[in-house]
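S.K.: Next come a sequence and a model predicted from it.
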Amino acid sequence: MKILKIITFILTVIGAINWGLVGFFGLDLVSAVFGEMSTLSRIVYALVGLSGLYSLFTIYHCASEDI
């Protein structure tokens, strides 16, 4: 379970950095590295999205245990 949390954290950070680059400089790093909407870039986007959902669920779950 710890490995899953580390992987989702890394993917969420990658997604945040990518969106920061898009917002500040108009540079989509994932597309630049893997190609514009290539299969590999779509997989990266999907994994980042799933990592965000997992992080959201775990934060909500941890917060509900504290109440």
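M.R.: All right, it came through fine. Residues are numbered from 1 along each chain as shown.

S.K.: Now do the same contact list for the closest residue to residue 45 other than its chain neighbours.
M.R.: In space, and not counting its chain neighbours, residue 45 is closest to residue 30: 6.6 Å by C-beta to C-beta, 6 or more residues apart in numbering. (C-beta placed from N, C-alpha, C; glycine too.) Counting by C-beta atoms under 8 Å, 6 or more residues apart in numbering, residue 30 makes contact with 18, 41, 44-45.

S.K.: in what helix or strand does residue 30 lie?
M.R.: Here residue 30, judged by DSSP states H and E, is contained in helix 29-34.

S.K.: measure the closest residue to residue 31 other than its chain neighbours to residue 20 for me?
M.R.: In space, and not counting its chain neighbours, residue 31 is closest to residue 41: 5.7 Å by C-beta to C-beta, 6+ apart. Separation of residue 41 from residue 20 (C-beta to C-beta, to the nearest Å): 17 Å.

S.K.: Could you list the low-confidence segments of the chain?
M.R.: 60-67 (pLDDT under 70).

S.K.: Can you list the residue ranges for helices in it?
M.R.: Per DSSP state H, the chain carries helices over the ranges 2-25, 29-34, 39-66.

S.K.: residues touching residue 44, list them.
M.R.: Here residue 44 is in contact with 14, 30, 34 (C-beta under 8 Å, 6+ apart).

S.K.: go with 7 Å
M.R.: Neighbour list for residue 44: 30, 34 [criterion: C-beta atoms under 7 Å, 6 or more residues apart in numbering].

S.K.: what's the answer for the one 10 residues further on, then?
M.R.: When the contact criterion is C-beta under 7 Å, 6+ apart, the partners of residue 54 are residue 8.
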